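Only the shape, not the letters, is given here:
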DNA sequence: TTTTGTGAACCGGTTCACAGCA
DNA sequence: TGCTGTGAACCGGTTCACAAAA
């Protein structure tokens, strides 16, 4: 972990396509910029300043500029960034030009919901295979896709060209399933099971744990609550709006939402 | 943002309960330690070294020790940490001693799954109210809980003592709903809608965006793919196991998973 | 004049290595 | 002797402020 340190690497490698070595923090924000750009394109903007784009992405402008400069400067001073150009630039860097096939293993409560989620396709992904181990689920089709037995993972991953999988099994099944996926050639896993996954080098794992997210919020609630009792200057336990003024005054009448989190 | 800098604050404030000022990175890891501790307790361990606990949480030992030392040293040198003591200590810090009531707004695909998710209660949370705007869903009960109209948010949040909400509406509905929640007294929101939320100061928002997670993985896939073609020394597109040896040799027969990500 | 791109300062967090305690 | 607690070095990332370009 502490060999040489002269990896100042930037820009291209051998291949013609720009092979940059982006900071992980930047990579994590690029998708947010992409979403904001799509929203801007939607409303007809064809150029945008770092200030505006940053606001749309919920980031500050300096950070955004530094991030974008890492990809090699696609803005025009005095003007801003070309929405379309920047969109395609970020899409390319993220490898979203091809629609990536994703496998989903564990068709339970959550897996079922993800299988039916329409928001993936417009953002570069296509759920290409569903797996479970429960006999009772095997015949079922969800969104026109058959639920197959986990023993078919090896075959299907290869034939469908899948390299990314989402894991929504119970925790005790997660490690063996992850092993199967890796064995089959999957090199990226999005793990929803509340457990740590051990994978060989070269395989990326990202974890989504809803209870952990709530627990982090709980900590801040706890802190706010004790701070409130410790400083009893204001009796009302309400908010303390300072920076971003709450836009609509609540109780908006006609919202009309039918399904869950779609695409922006 | 840059006033005085002598906020070396640690340990207690006025109230008797230890009011520490933990680094955000530490807070984000405490839930993982907690999960690991539960797993250790399950298998009968009543004491654990920083090395072992770190491994169980997927963190390195030095980081874990520094994190735990922030809470005020609950280990015994030469021995390790008492599992039960540490568990209760972390639970207290995270404010998980009371079972927190959580509201869920947007009973679509994903919302439905979360409403039925059994994994929250053993980790400190209880879904106490469901809301939607769609007339067609209003009568429905999920897990014994009635789906109410969003207009009832104000009432129910107060009577149920709710301070945390999960938002699983489509993006265009997210901001107005967030405003209603904040207005009603909610001070923490877990947002699953792919959009930025604007809230007054004092309200915490955490975001979970599945497509973003996939896009981050996509970036690394892209990088791995180009690296592979750029360095064609090995023809096989398989893994390169080095550090953690994959435990089970894949194709495990009897896993038996019926529902999705439960608790550890 | 406007807005980008970026060097430099700054800061939070991680890693290291070892002193201190059981 | 073994393992924790922590100062110090280190590092990635953020913020600042301004020079350069359109």
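Received, thanks. In this text the structure is predicted, and so the values were computed from the model without any measurement.

Only C-alpha atoms from now on, for both contacts and neighbour counts.
Will do.

where does the stretch 1-150 of chain A dip in pLDDT?
Applying pLDDT under 70 to the stretch 1-150 of chain A flags the ranges A:1-19.

Could you tell me which residues of it lie near DNA strand C?
A:1-2, A:48-51, A:62, A:65-66, A:68-70, A:72-81 (C-alpha under 7 Å from any atom of the strand).

Give me the buried entries from these.
Buried members of these, scored by 16 or more other C-alpha atoms under 10 Å in any protein chain shown, are A:48-50, A:65, A:68, A:70, A:74-75, A:80-81.

quick one: which of these sit in strands?
A:48, A:75, A:80-81 (DSSP state E).

rewinding a little: can you narrow the buried ones among the residues of the stretch 1-150 of chain A next to DNA strand C to ones near chain B?
When C-alpha under 8 Å from any C-alpha of the partner chain is applied, no member of those is adjacent to chain B.

can you tell me which two in the residues you listed are farthest apart?
Spanning the widest gap among those are A:48 and A:70, at 18.0 Å by C-alpha to C-alpha.

Check the average confidence over the lengthiest helix in chain A, would you?
When chain A is parsed with DSSP state H, its longest helix is helix A:210-230. The average pLDDT for helix A:210-230 rounds to 92.

mind listing what residue A:140 touches?
Residue A:140 is in contact with A:146-147, counting by C-alpha atoms under 8 Å, 6 or more residues apart in numbering or on different chains.

any idea how far residue A:137 lies from DNA strand C?
Look at residue A:137 and DNA strand C: by C-alpha to the nearest atom of the strand, to the nearest Å, they are 41 Å apart.

quick one, phi psi at that residue?
The main-chain torsion angles of residue A:137 are listed as degrees, to the nearest 10 and equal phi -100, psi -10.

Let me see the contact set for it.
Contacts of residue A:137 by C-alpha under 8 Å, 6+ apart are A:107, A:147.

Now do the helices in the stretch 1-150 of chain A.
For the stretch 1-150 of chain A, the helices defined by DSSP state H, counting those that start in this stretch cover A:24-42, A:50-57, A:61-70, A:83-94, A:109-115.

these two touch, right, residue A:208 and residue A:196?
No - the criterion here is C-alpha atoms under 8 Å, and residue A:208 misses it with residue A:196 at 11.0 Å.

Which one of the two is surrounded by more residues?
Legend: neighbour count by other C-alpha atoms under 10 Å in any protein chain shown for residue A:208 and residue A:196, higher for residue A:196 (20 against 17).

could you point out the longest strand in chain A?
Assigned via DSSP E, chain A shows its longest strand as strand A:125-132.

partner strands of that strand, parallel or antiparallel?
Sheet pairing of strand A:125-132 (DSSP bridges) gives strand A:100-105 (parallel), strand A:145-149 (parallel).

got JSON lines for those strands, with mean neighbour count too?
Putting the strands paired with strand A:125-132 into JSON lines (neighbours: other C-alpha atoms under 10 Å in any protein chain shown) gives the following:
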{"stretch": "strand A:100-105", "mean neighbour count": "24"}
{"stretch": "strand A:145-149", "mean neighbour count": "19"}
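
Tell me which of these sits nearest to residue A:164.
Proximity to residue A:164 (C-alpha to C-alpha) singles out strand A:100-105 among the strands paired with strand A:125-132, at 5.1 Å.

Can you give the distance of the closest one from its chain's centre?
A distance of 14 Å separates the centroid of the chain from that of strand A:100-105, by C-alpha atoms, centre = their mean, to the nearest Å.

okay, now the domains of chain A?
A:24-94, A:100-210 (automatic domain parsing).

got the ones you listed as TSV, with distance to residue B:132 columns?
Shown next, in TSV, are these (distance: least, C-alpha to C-alpha, whole Å):
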stretch	distance to residue B:132
domain A:24-94	25
domain A:100-210	17
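
Comparing those domains, which stretch has the densest surroundings?
Highest mean neighbour count among these (mean count of other C-alpha atoms under 10 Å in any protein chain shown): domain A:100-210, with a mean of 21.

what's the span of it, first residue to last?
This stretch, domain A:100-210, spans 25 Å end to end (C-alpha to C-alpha, to the nearest Å).

centroid residue for chain A?
Closest to where the C-alpha atoms of chain A average out (C-alpha atoms, centre = their mean) is residue A:31, at 7.2 Å.

Check whether that one really touches residue B:215, as I assumed.
Yes - here residue A:31 reaches residue B:215: they are 6.5 Å apart, a contact under C-alpha under 8 Å.

Report the spatially nearest residue to residue A:161, omitting neighbours in sequence.
Spatial nearest neighbour of residue A:161, chain neighbours left out: residue A:101 (6.9 Å); criterion: C-alpha to C-alpha, 6 or more residues apart in numbering or on different chains.

My error: substitute residue A:141 in the last question.
Spatial nearest neighbour of residue A:141, chain neighbours left out: residue A:147 (5.9 Å); criterion: C-alpha to C-alpha, 6+ apart.

do residue A:120 as well
The shortest distance from residue A:120 to any non-neighbouring residue, by C-alpha to C-alpha, 6+ apart, is to residue B:211 (6.0 Å).
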